[in-house]
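S.K.: Here is a sequence together with a model predicted from it:
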Amino acid sequence: MRKYELTDSQWEKLKDMMPSNNRPGRPWRSHRQSINGILWILNSGAPWRDLPERYGSWKTIYDRFRRWQRDGTLAKILTLLQLNFPAALTAESYTPITSEQDLSTVS
């Protein structure tokens, strides 16, 4: 297990509450792998594009994050794991700072 990843006992608490994929097409990536990617971003503060490849495509993990954020699944996950992140947490808060930007203008 790596830093910021779910333990086996945490995954056992979560796996039954995860949404199922009822849509046609390619099957979803592992929920556990997606959650680990989301936790990596939330804990590291890195931009989505810096997500390590072991979690899958940053775009896939970002889309899952946004979907779960909108439908309340993310809040349930964080509550069940008893993890505290800022209430105003949004995907937009994880944008990279470019060298041209003045740090005082970044909120």
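M.R.: Thanks, I have it.
S.K.: make it CA atoms for all contacts and neighbour counts henceforth
M.R.: Will do.
S.K.: Convert the C-alpha atoms of the helix or strand of the chain with the lowest mean pLDDT to CSV, please.
M.R.: Least confident helix or strand, the chain: helix 73-81 with a mean of 85, by mean pLDDT, DSSP states H and E. Extracted C-alpha coordinates of helix 73-81, given in CSV (Å, rounded to 0.1, in the frame of the first residue of the first chain):
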residue,chain,number,x,y,z
THR,A,73,-21.0,9.7,-3.5
LEU,A,74,-17.8,11.6,-2.7
ALA,A,75,-19.2,13.1,0.5
LYS,A,76,-20.4,9.6,1.6
ILE,A,77,-16.9,8.1,0.9
LEU,A,78,-15.1,10.9,2.9
THR,A,79,-17.6,10.7,5.7
LEU,A,80,-17.3,6.9,6.0
LEU,A,81,-13.6,7.1,6.0
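S.K.: Give the buried residues for it.
M.R.: Across helix 73-81, burial judged by 16 or more other CA atoms under 10 Å covers 73-77.
S.K.: Mind telling me what element the residue nearest the centre of the chain is part of?
M.R.: The C-alpha lying nearest the average C-alpha coordinate of the chain belongs to residue 38 (CA atoms, centre = their mean; 1.8 Å). Residue 38 is located in helix 31-44, with elements delineated by DSSP states H and E.
S.K.: Low-confidence ranges, the protein, go.
M.R.: Under the criterion pLDDT under 70, the flagged ranges of the chain are 1, 83-107.
S.K.: Helices of that one, start to end?
M.R.: 8-14, 31-44, 58-71, 73-81 (DSSP state H).
S.K.: quick check: angle from the last one to helix 58-71?
M.R.: Looking back up the chat, that one is helix 73-81. Angle of helix 73-81 versus helix 58-71, following axes from the mean of the first three to the mean of the last three CA atoms, to 10 degrees, is 80 degrees.
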